[in-house]
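K.L.:
Please find the sequence and the predicted model below.
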Amino acid sequence: MELEDIVSKYPPRLIMLIPLAIIALALIILGATYLSTGSPVHLGIEFTGGTLITVPATESEDAVAAQFAGYPLADIRNIGSMYMMQFGPMSDQDYTALVRLVNSHYANSEIRYMGPIYSKELQAQALKYLPLSFLLMAIVVFLVFREPIVSLLVVVSALADILTAAASMDITGVQLSLGTVAALLMLIGYSVDTDILLSMRVLKRKGAVEEKIIGAMGTGLMMTGTTIAAVLSLIVVSNLLYLVIPSFTRMDIIADISTVLIFGLAADIFNTWITNAQGLRWYMNRPKKAGRGHRK
Amino acid sequence: MNISSDFLRDPRVVLYIAAVALALICIGVFGLKFGLDLEGGSYLQLQLQGAVAQIDVTPEKILEYQFNATSVDKHGDSYVITVPGTVPATLPDDLGYPGAKIVQGGNITKVTIATTPESVVTNYLRKRMDADVKIVGVAPVQYEIRTNVTRESLNAILAPVGGSVPQGEDTFVEGLTPDTVDETKNVLDSKLNRLGLQDIKVRVVDNKFVLIDLAGMDVATAEDVVGKPGKFEIRIQTTGNDTVHVLYGDAVESVDIPTGDQNSAWSVPFTLSESGAQIFQKEAIDSGATKNPDAHNVIMYLDKDEIFSAPLAPELAASLQKAPIRSMEARVGTGDAGQQKAKELYIHLREGALPVNVNVVGSGQVSAALGKQFKFQMVIAGLIALLAVAGMIFYRYREKRIVLPMITTSCSEVVMMLGIWALAGWQLDLASLAGIITVIGTGVDQLVIITDELIRGGEAASVTAERSVKERAAAAAEKSGAGTKAAPAATSKVYLSRLSRAFSIILGAAATTAVAMLPLLYMGFGALTGFALIIILGVILGVAIARPAYGRIIGYILSES
């Protein structure tokens, strides 16, 4: 197994350059997006405000769009025998008229209106809760290990996961929505599972660090594998099946959650078995005079 | 072989079986409730507008400003206001001081009003902001202003009377008192219930947002029903299109259930307050409605929309000419249309206005057909996820005896959660279903940790694929010094130390997942509460009930092989 070779043969400091480069790249992407849009990730309609309308229709895109000519239609997309339309801000009267128009033309529509107060409040909440969630996770990690360096490695790996997942959102055009915030929060909790497994195995078992890492990898990859399998099935059903089976429809919130989770889990494989593992290798095998925490 | 009886003696296994059975009973008895996005319907998110503020102002200055007075003196519980020239008889009433004494003498008029300093402030604010203002605190006196207001706009309103909001963080707090929020919720609740709408859920978030779910209704109708409840007003037509203000909703003391049937006209009986009846009589006479009812309709407005307009009935007009009348009825028409109108008017009259001004911050609808489709798709997603996870486990362990208990345990965790949901009467929405699927993912993760810890115990490396699970298990059992006949491995020291090591990993992982999800309970106006709650509860139930039992069961099974 190549990954095993990397993990055990090359000197940790050399390998650590790769995750550092990836974190730097993620930060550059997030920074560039911040400079161009004023936010490190693209904000979805929930954070910018607007109206989202989904209607079942077999007509052409233009024909559907033409019906809403009088309203600030910003975007229209075909999502499998349905069209999803985004509207910009409009007056209360226009909104009510639009709703009536939609309901008189289409029997099975979905409408979501997110006003400016809603989106402002949501932005404030995201800014407050994402760091809070991360902080809570870090506290638990420190309580679990009571070893500053080991805990720090876990927290850094988790941070790298989140940054990578956020940067992947920028690259693939996934916007920040309520669903993706939920996914990022979940990732905070999820991504440390394998890190905890790895660190526990390395700290509490006897044997060479490299062997323990490889042993933990069997279990850890399996864990991430089952989670990826579950998330992939969510992606298939929420975001792909509608392309094949006409009666299926896209489920936004599920598609958002699962897409971000996939990015994050992929990043997690890398960060657990490269970033965290190499950090542990360096920490456990460092010259003896540093002493503390060295259990060999 | 009496594995089953050994199982049943283990308290962890007993607890687990009992929990699953209890959950199944709960689901059977109470049934599962689904959220709006799976059942169809619409939702409204309202922001209650308002603030609680302290105000530095001299009441005399307010009265001086309002009456254009030269001087205002406080005598006991009264204020005597000296105004040059004359004062329109209705001015004190208009400003909120009914029963004022007006004495004219020479070039000046003296108006005496009995009121407290705080009432002067409330009256002034009410008048200027066209909103309800209430005194909510003493020492320092705090005013609750029930409309959209900022520190700046309040200062601007107080500037002409030389007042201001004192400096400091806590002198102006956005939001309303919990009592007011409660009152608003109750008004909405009763209003919706009286409309005969079932399954209405009115929730309050953060003490300032009210979330309303309305099943089986499109969002335009929903907004009509609750989105803009507002001010009820009675006016009387004077000449042509001109009308004169008579009463606001607060003068309507009680409203009775609409009366009528298929043949006669529908009407809504209501009672005015005593002072309200006097004002009504006076305005009816002044406008000429008592003499010539047909030319002077009595018009009711809700939020400036006309909801009722009809002349006084001849007999009522005649009685009003002589004395104030408190009990009246609004006749709206015949047949089903009349019944419907009566029903609406009843609500409007009864709830003239919500206690506070509201602002629609979000709204939406999902059709029932679409909801059904979502539900179906989520079930498919769940099944695919389960199959995919089972496939992964089988690929790794190649052993039915491990895969089956794992999948069963994972499914039973889902059953336990659904049991709690059924018992609590919580709704399962789209996000909660996604939560269930991810819980299957994390649950299995932890079962993998337990299994691997037990199988491979002390041997750190050697993930030799050639060695089958059976061999490893046998080695593990041997190490623990156990025979293979009974199941002593499941209680041996080595087994227990491995299990406890597995649990130290699991507990750490579970705790981080749970705490990371905590903020989601409050985020997005409760949109993701179900998602977060299911993940947190799933983790707790899994760690507390399902996984200990799994540890025992898999221990027995492994030592049996």
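P.N.:
Nice, I can see it.
K.L.:
tell me which element the residue of the stretch 101-250 of chain B found nearest chain A is part of?
P.N.:
Nearest to chain A in the stretch 101-250 of chain B, going by Cβ to the nearest Cβ, is B:Ala220, at a distance of 4.3 Å. C-betas here are computed from N, CA, C, even on glycine. Taking DSSP states H and E as the definition, one finds B:Ala220 inside helix B:219-222.
K.L.:
Likewise for A:Ser36?
P.N.:
helix A:12-37.
K.L.:
average pLDDT across that helix?
P.N.:
Averaged over helix A:12-37, pLDDT sits at 89.
K.L.:
Please point out which parts of it sit buried.
P.N.:
A:12, A:15-16, A:19, A:22-23, A:26, A:29-30, A:33 (16 or more other Cβ atoms under 10 Å in any protein chain shown).
K.L.:
Checking B:Asn241 next. Helix, strand or coil?
P.N.:
Here B:Asn241 takes the coil state, with states given by DSSP: H, G, I helix; E, B strand; the rest coil.
K.L.:
tally of neighbours for it?
P.N.:
6 (other Cβ atoms under 10 Å in any protein chain shown).
K.L.:
Now the phi/psi pair for it, please.
P.N.:
Note on B:Asn241: its backbone torsions stand at phi -90, psi 0 [degrees, to the nearest 10].
K.L.:
Setting the sequence-adjacent residues aside, check what's closest to the most centrally placed residue in chain B.
P.N.:
Centroid-nearest residue in chain B: B:Arg203, 1.3 Å away (criterion: Cα atoms, centre = their mean). Distances taken as Cβ to Cβ, 6 or more residues apart in numbering or on different chains put B:Leu211 closest to B:Arg203, at 4.6 Å, once the chain neighbours are dropped.
K.L.:
Tell me how the chain divides into domains.
P.N.:
Here I'm looking at chain A. Listed by automatic domain parsing, the domain ranges of chain A are A:2-44+A:117-290, A:50-114.
K.L.:
that's the wrong chain, I meant chain B
P.N.:
Segmentation of chain B into domains, based on automatic domain parsing, reads B:3-40+B:367-560, B:57-165, B:230-350.
K.L.:
So in chain A, which helix runs the longest?
P.N.:
Longest among the helix segments of chain A by residue count, using DSSP state H, is helix A:116-145.
K.L.:
Helices of the stretch 101-250 of chain A, start to end?
P.N.:
Secondary structure of the stretch 101-250 of chain A (DSSP state H, counting those that start in this stretch): helices at A:116-145, A:148-172, A:178-204, A:209-235, A:241-244.
K.L.:
Can you add mean pLDDT, mean neighbour count and distance to B:Ser367 and give these back as a markdown table?
P.N.:
A markdown table is the format used below for the helices of the stretch 101-250 of chain A (pLDDT from 0 to 100; neighbours: other Cβ atoms under 10 Å in any protein chain shown; distance: least, Cβ to Cβ, whole Å):
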| stretch | mean pLDDT | mean neighbour count | distance to B:Ser367 |
| --- | --- | --- | --- |
| helix A:116-145 | 89 | 18 | 22 |
| helix A:148-172 | 91 | 22 | 30 |
| helix A:178-204 | 87 | 27 | 20 |
| helix A:209-235 | 87 | 23 | 23 |
| helix A:241-244 | 82 | 16 | 17 |
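K.L.:
Save those helices as CSV, and put in distance to chain B too.
P.N.:
CSV is the format used below for the helices of the stretch 101-250 of chain A (distance: least, Cβ to the nearest Cβ, whole Å):
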stretch, distance to chain B
helix A:116-145, 4
helix A:148-172, 9
helix A:178-204, 3
helix A:209-235, 3
helix A:241-244, 8
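K.L.:
Out of these, flag the one nearest B:Pro92.
P.N.:
When the helices of the stretch 101-250 of chain A are compared by Cβ to Cβ, helix A:116-145 sits nearest B:Pro92, at 38.6 Å.
K.L.:
hang on, the earlier thing: pipe the domains of chain A into JSON lines and attach distance to B:Pro258 per row.
P.N.:
JSON lines is the format used below for these (distance: least, Cβ to Cβ, whole Å):
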{"stretch": "domain A:2-44+A:117-290", "distance to B:Pro258": "37"}
{"stretch": "domain A:50-114", "distance to B:Pro258": "27"}
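K.L.:
Of all the ones you listed, which one is nearest B:Gly168?
P.N.:
When the domains of chain A are compared (using Cβ to Cβ), the closest one is domain A:2-44+A:117-290, at 22.9 Å.
K.L.:
Contacts only, for B:Val379.
P.N.:
Not one residue lies near B:Val379 by Cβ atoms under 8 Å, 6 or more residues apart in numbering or on different chains.
K.L.:
per-residue confidence averaged over the helix or strand containing it?
P.N.:
B:Val379 is part of helix B:368-397, with elements assigned from DSSP H and E. In this model, helix B:368-397 has a mean pLDDT of 88.
K.L.:
For B:Val448, which of the domains of chain A is the nearest?
P.N.:
Closest approach to B:Val448 among those (Cβ to Cβ): domain A:2-44+A:117-290, 5.1 Å.
K.L.:
Break down the stretch 101-250 of chain B into its strands, ranges please.
P.N.:
With strands called from DSSP state E, counting those that start in this stretch, the stretch 101-250 of chain B shows them at B:101-105, B:108-114, B:133-137, B:142-145, B:172-174, B:201-205, B:209-215, B:232-237, B:243-248.
K.L.:
Repeat that for the stretch 301-450 of chain B.
P.N.:
So, for the stretch 301-450 of chain B - with DSSP E, counting those that start in this stretch - the strands run B:305-310, B:327-333, B:358-366, B:427-428.
K.L.:
Local confidence estimate at B:Ala511?
P.N.:
On the pLDDT scale, B:Ala511 is placed at 90.
K.L.:
so which strand or helix has it?
P.N.:
Per DSSP H and E: B:Ala511 is located in helix B:493-517.
K.L.:
List the buried residues for that helix?
P.N.:
Buried residues in helix B:493-517, counting neighbours by 16+ other Cβ under 10 Å, are found at B:494-495, B:498-499, B:501-503, B:505-517.
K.L.:
if we can go back for a sec, select, out of the helices of the stretch 101-250 of chain A, the one closest to B:Ile108.
P.N.:
Nearest to B:Ile108 among the helices of the stretch 101-250 of chain A is helix A:116-145 (50.2 Å), distances taken as Cβ to Cβ.
K.L.:
Now do the closest one and helix A:148-172, the angle between them.
P.N.:
Using axes from the mean of the first three to the mean of the last three Cα atoms, to 10 degrees, the inter-axis angle of helix A:116-145 relative to helix A:148-172 is 150 degrees.
K.L.:
Next, the angle strand B:358-366 makes with helix A:116-145.
P.N.:
Inter-element angle recorded for helix A:116-145 and strand B:358-366: 80 degrees (by the same axes, to 10 degrees).
K.L.:
how about whatever helix or strand comes next after the helix holding B:Ala511 against chain A, any contact?
P.N.:
Going down the chain from helix B:493-517, the next helix or strand is helix B:529-541, by DSSP H and E. Yes: Helix B:529-541 is in contact with chain A by Cβ under 8 Å from any Cβ of the partner chain, via B:531-532, B:535.
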